[in-house]
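Undergrad: One predicted model, sequence on top.
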Amino acid sequence: MIAHTPTLFASVALVATIMAFCLILVGQLNKRDGLFTTGCGLLAHALAYVCYTLYGQAPLWLTYGAANLLLSVALALYTAGIFRIRELRVPWPLIASLPALMALLMASLINTLEPRMLAASGVLTGQCLLLVYWAHRHARSTGRSYMLLIIGGGISLIGLTLRVIAILAGGATEMQYDVSNLKQTISVSIGTVTVMMYSLGLVLLSNERSESRLRQMARHDALTTILNRRAILEQLAEELERARRCGSTLAIAMIDIDHFKQINDQHGHLAGDEVLCHCVRNLQQRLRQSDCIGRYGGEEFLLLLPATSAEGAMVAVDALREALAQTPAHFAGATIPLSFSAGLWCGIPGPDDSTDQLIAHADKALYAAKAGGRNCLSLSAPTERLQAQA
């Protein structure tokens, strides 16, 4: 089926204009999320196709030179949108260099036929390749929207390749924008698909980022950025099930910063916040990759030590205690000495053990450590079942 080429161009322009209006309107709320940039790209895409519809009825510099320059700008903005959405620095010099090259080639080759067509196709091909490369490189491991960008870029490359082959085969006149034939119908239809692929892919990419940020906020403590109470308890449930299934040991430690209320009363709550962050940084630097720490309460932290014996857990947590005691916090010119007390539970979880029970054992040991003068550790007394296993 052969369609009227100018009508196809007008249809693509209409679709791109509507989508551009929607994304620019929404993107005004937050220009950092990439939707505004994507909307500007769609607007440039729409204007390019409006110029194509006037081919043969308006000056060549407008209907071919400006049109291809606008299409190049659209691809540049789509590419910039990927970086904006991923919150990365946009490499503007590289991205802007290709539209600049397009403008230079169109200005120097506008009165030719095959050279200008090949030059335009070459620049657009390079931009599509860069878009596909960056979409793949900056893709999220848990997301799939980047596949739309890659597919859209791949379809664009197919369309551009077909156009170049037709031009090199001597069919340049058949590929002019006012000619209606099967090749042109396929080429322009591909353009329609890519507009939708690029816009939808970038919108979904932005949505994935928002969802990822919300998940991050829901699972992490806003002040210290470590796992919050809900998330660390979920992690404990997973580690408990893994240890029960594999028959391996699991150690948990309830850590409480000594005299934290006095720190708040003496230095202020901002100092207390800095103390919490300082403690977390200090602990994280000395944990294994398999270990996990979360904020359980105000100044309480829950530490998970998978596959760790009671002796190993005591040594590890005591080393953390000594390191913190030797590294005071600093706030507003004041030096704040720190220490913590810890209660530990360690063993091979049985079928009746639950997260609440294990935390209760560690919490009871923590109170024993506090009663023993603070700045020390206490190991939970073994249950009858653990004594039998021993």
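TA: Received it, and whenever you're ready, just let me know what you need.

Undergrad: What strand or helix carries Gly159?
TA: helix 146-168 (DSSP states H and E).

Undergrad: So which bits of that helix are buried?
TA: Applying a neighbour-count criterion of 16 or more other C-beta atoms under 10 Å, the buried positions in helix 146-168 are 146, 148-153, 155-157, 159-160, 162-164, 166-167. (C-beta placed from N, C-alpha, C; glycine too.)

Undergrad: before we move on, what about stretch 91-111?
TA: Residues of stretch 91-111 classed as buried: Ile95, Leu98, Pro99, Leu101, Met102, Ala103, Leu105, Met106, Leu109 (neighbour count, 16+ other C-beta under 10 Å).

Undergrad: Who are the contact partners of the fourth one?
TA: Yep, that's Leu101 we're talking about. Val123 (C-beta atoms under 8 Å, 6 or more residues apart in numbering).

Undergrad: Okay, domains of this structure per the record?
TA: 5-216, 229-389 (automatic domain parsing).

Undergrad: and those domains, which one is worst for confidence?
TA: Of all the domains of the chain, domain 5-216 carries the lowest average pLDDT, namely a mean of 87.

Undergrad: now do the same end-to-end measure for that domain.
TA: 48 Å (C-alpha to C-alpha, to the nearest Å).

Undergrad: Could you pick out the longest helix of this structure?
TA: The residue-count maximum for a helix in the chain (DSSP state H) belongs to helix 182-219.

Undergrad: now the helices for the stretch 201-350 of the chain?
TA: Assigned by DSSP state H, counting those that start in this stretch, the helices in the stretch 201-350 of the chain fall at 229-246, 260-267, 269-284, 310-325.

Undergrad: Could I get the buried residue list for the third one?
TA: By neighbour count on 16+ other C-beta under 10 Å, the buried set for helix 269-284 is Ala271, Gly272, Glu274, Val275, Leu276, His278, Cys279, Val280, Asn282, Leu283.

Undergrad: contacting residues around the helix holding Gly159?
TA: 78, 82, 114, 117-118, 121-122, 124-125, 128-129, 131-132, 135-136, 138-140, 172, 174-175, 183, 186-187, 190-191, 193-194, 196-198, 200-202, 204-205.

Undergrad: try it again with 6 Å
TA: 114, 117-118, 121, 124-125, 128, 131-132, 135, 139, 175, 183, 187, 190, 193-194, 197-198, 200-201 (C-beta atoms under 6 Å, 6 or more residues apart in numbering).

Undergrad: Can I have the buried ones of these as a ChimeraX selection?
TA: In ChimeraX, this line selects whichever of the contacts of helix 146-168 come out buried by 16+ other C-beta under 10 Å:
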select :117,118,121,124,125,128,131,132,135,139,175,183,187,190,194,197,198,200,201
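
Undergrad: Dump the helix holding Gly159 to PDB, keeping only the CA atoms.
TA: Taking Å, rounded to 0.1, in the frame of the first residue of the first chain, the C-alpha atoms of helix 146-168 are listed here in PDB:
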ATOM      1  CA  TYR A 146      15.500   1.100  27.800                       C
ATOM      2  CA  MET A 147      14.600  -1.800  25.500                       C
ATOM      3  CA  LEU A 148      12.100   0.600  23.800                       C
ATOM      4  CA  LEU A 149      14.800   3.100  23.200                       C
ATOM      5  CA  ILE A 150      17.100   0.500  21.800                       C
ATOM      6  CA  ILE A 151      14.400  -1.000  19.600                       C
ATOM      7  CA  GLY A 152      13.400   2.500  18.400                       C
ATOM      8  CA  GLY A 153      17.000   3.300  17.600                       C
ATOM      9  CA  GLY A 154      17.400   0.000  15.800                       C
ATOM     10  CA  ILE A 155      14.300   0.700  13.700                       C
ATOM     11  CA  SER A 156      15.600   4.200  12.900                       C
ATOM     12  CA  LEU A 157      18.900   2.600  11.800                       C
ATOM     13  CA  ILE A 158      17.100   0.200   9.500                       C
ATOM     14  CA  GLY A 159      15.100   3.000   7.900                       C
ATOM     15  CA  LEU A 160      18.300   5.200   7.400                       C
ATOM     16  CA  THR A 161      20.200   2.200   6.000                       C
ATOM     17  CA  LEU A 162      17.400   1.500   3.500                       C
ATOM     18  CA  ARG A 163      17.400   5.200   2.500                       C
ATOM     19  CA  VAL A 164      21.200   5.200   2.000                       C
ATOM     20  CA  ILE A 165      21.000   2.000  -0.100                       C
ATOM     21  CA  ALA A 166      18.400   3.500  -2.300                       C
ATOM     22  CA  ILE A 167      20.400   6.700  -2.800                       C
ATOM     23  CA  LEU A 168      23.600   4.800  -3.600                       C
END
